[in-house]
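Asks: Based on what follows, work out the 3D shape:
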Amino acid sequence: MQLRELVDAVTGDEPPLTRTADDIVAAGRRAERRRRAGFASAGAAGLVAVAVTGAFVLPALGGGRNTPAAPAPAGAAASRPAVATWATGGPFTFTFQGYDAGTLHVQDPIVTSVGYQIASVYSDRHTSNDKPLTAEEAEAQGGTLERTKASAGGKPSLWAYLTVYRPGVFDPAGIKDGRRVTVAGHKAVQARLPVGLDPRNPVDEGNKLFAWEYADNAWAAVTSFSSDAATPTFADLGGLVDGLKPSRPTPAKVPFTVGYVPAGYVPLQTGTHAMPGLSGIATARAGDYGGATYTRPAVPSTGLTAPYDAVEGTIADGFHIFVTPSTSSNQAPEPGTTRCYDGSDRRVPDGGPAVGGFCNVWNADGTVALQVSASGLGDKLPRAELEKVARGITVADVEDESTWTPAATALRP
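Replies: Numbers count the residues shown, from 1 in each chain. As a prediction, this is how the structure comes out:
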């Protein structure tokens, strides 16, 4: 699934429709129904889709920390703030914690990569669709999806996330039509983003980016997709600047270790209690256990203006690992079984073995599903290699994080 589809799903006024198997097969490489409301990455082929509604009301997240400060005009005089000391955390490391800023609430980060970490941002004035509802849950809360949505009080929907980049990774000069400002003494840039983040499309007034230099040559950026063009404002987003502080570096853990990785593939990103990358942020409260994405070759680690999977074509060849409850899969659990699926029957030009697809592995009692998928990441990995990766993975006790392994270790055979 392209990012524009993902954005539509988590901010749309109406819940996305569940796709049928026939729809997906006809589309080529999308497998049966999409993961959790249809807004996960295309790599989640074969995982179940459930209805999502804007009716999900955010829990109370604590009082506001600061009154948001409006960005100062470019060139305005401002004293340099005292710079907090940020430890040099390696890839797949968390170096900050969640905090409040007025009506916005940054959560603890759950996604890491070789260049950044990402946290969800919630708003008192908006609803978020990152916890999907089944049709039965929607029925219990209001009778129909439409009635459930109305019961949320008519709040606009918002999908927003904070990306904290490692030093030297983010390039503020690459932000198209970015306006340079100064906020709380920090250099910053703000811009409105095009529909679907496709530069060929017109700007959508509800899509905003606000980035600031939180330490020397190190930038953080909040990206906001709102169904209300007016909110949150750039002043609201600028209110996040003061609250971002370093914490003790903590390795991101995943609930598995790999035993085999095909030659040339390297780990790119992870999800802790989430799927990897922006799919993990879009489904942050869906109850997933963890995951990772590998690419071949390694992608650039400098010059970024957005997370890797926000830019189409960045990942030309790769595969995902997902560990989820088996209830998230639309394949019936087969305890203790490994089974591979070929949604498109793609074959290499010389008539060689099938490539792409995905493999599922169920634990002994069928409650946990492991999936290795090349869908949406080029579909270039031979099916036999996908199965070899899947069979080489050892899944920890998903309910006991003390059994999980730091990603930097877990993702290397």
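Asks: show me the contacts for residue 221.
Replies: By Cβ atoms under 8 Å, 6 or more residues apart in numbering, the residues touching residue 221 are 162, 163, 165, 170, 209, 210, 211, 212, 306. For the C-beta atoms, the positions are set from N, CA and C on the backbone; glycine is no exception.
Asks: One more pass at 10 Å, please.
Replies: Listed by Cβ atoms under 10 Å, 6 or more residues apart in numbering, the contact set of residue 221 reads 116, 118, 161-165, 170, 172, 175, 188-190, 209-212, 237, 240, 304-307.
Asks: Can you get me the start-to-end distance on stretch 337-355?
Replies: 21 Å (Cα to Cα, to the nearest Å).
Asks: should've said stretch 223-230
Replies: 15 Å.
Asks: What of stretch 99-109?
Replies: Start-to-end, stretch 99-109 (Cα to Cα) is 11 Å.
Asks: For that stretch, list every residue counted as buried.
Replies: For stretch 99-109, the neighbour count (16 or more other Cβ atoms under 10 Å) marks 99, 100, 101, 102, 103, 104, 105, 106, 107, 108, 109 as buried.
Asks: would JSON lines of the residues you listed with secondary structure and pLDDT be doable?
Replies: Listed next are the buried residues of stretch 99-109 as JSON lines, based on DSSP: H, G, I helix; E, B strand; the rest coil; pLDDT from 0 to 100:
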{"residue": "99", "secondary structure": "strand", "pLDDT": "98"}
{"residue": "100", "secondary structure": "strand", "pLDDT": "98"}
{"residue": "101", "secondary structure": "strand", "pLDDT": "97"}
{"residue": "102", "secondary structure": "coil", "pLDDT": "95"}
{"residue": "103", "secondary structure": "coil", "pLDDT": "96"}
{"residue": "104", "secondary structure": "strand", "pLDDT": "98"}
{"residue": "105", "secondary structure": "strand", "pLDDT": "98"}
{"residue": "106", "secondary structure": "strand", "pLDDT": "98"}
{"residue": "107", "secondary structure": "coil", "pLDDT": "98"}
{"residue": "108", "secondary structure": "coil", "pLDDT": "98"}
{"residue": "109", "secondary structure": "coil", "pLDDT": "98"}
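Asks: Which residue ranges make up the domains of the chain?
Replies: As assigned by automatic domain parsing, the chain contains the domains 93-129+155-248, 253-410.
Asks: ranking the ones you listed by mean pLDDT, which is last?
Replies: If you rank those by mean pLDDT, domain 253-410 sits at the bottom with a mean of 90.
Asks: and that one, how far out from the chain's middle?
Replies: 14 Å (Cα atoms, centre = their mean, to the nearest Å).
Asks: can you check stretch 185-199 too?
Replies: Distance of stretch 185-199 from the chain centroid (Cα atoms, centre = their mean) equals 18 Å.
Asks: For it, buried residues please.
Replies: Residues of stretch 185-199 classed as buried: 185, 186, 187, 188, 189, 190, 191, 192, 193, 194, 196, 197 (neighbour count, 16+ other Cβ under 10 Å).
Asks: Touching, residue 112 and residue 290? I think so.
Replies: No: here residue 112 does not reach residue 290: they are 11.1 Å apart, not a contact under Cβ atoms under 10 Å.
Asks: what's the distance between residue 265 and residue 193?
Replies: Per Cβ to Cβ, to the nearest Å, residue 265 is found 31 Å from residue 193.
Asks: from the buried residues of stretch 185-199, which ones fall inside strands?
Replies: 186, 187, 188, 189, 190, 191, 192, 193, 194 (DSSP state E).
Asks: Tell me the secondary structure at the residue positioned nearest the centre of the chain.
Replies: Geometric centre of the chain, nearest residue: residue 278, 1.8 Å, by Cα atoms, centre = their mean. Taking DSSP: H, G, I helix; E, B strand; the rest coil as the rule, one finds residue 278 in the helix state.
Asks: Quick one: classify residue 286 as helix, strand or coil.
Replies: Assignment for residue 286 (three-state DSSP): coil.
Asks: could the domains of the chain go into CSV alongside distance to residue 87?
Replies: Output for the domains of the chain, formatted as CSV (distance: least, Cβ to Cβ, whole Å):
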stretch, distance to residue 87
domain 93-129+155-248, 6
domain 253-410, 15
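Asks: how long is stretch 210-230 end to end?
Replies: First-to-last distance for stretch 210-230 - Cα to Cα - comes to 15 Å.
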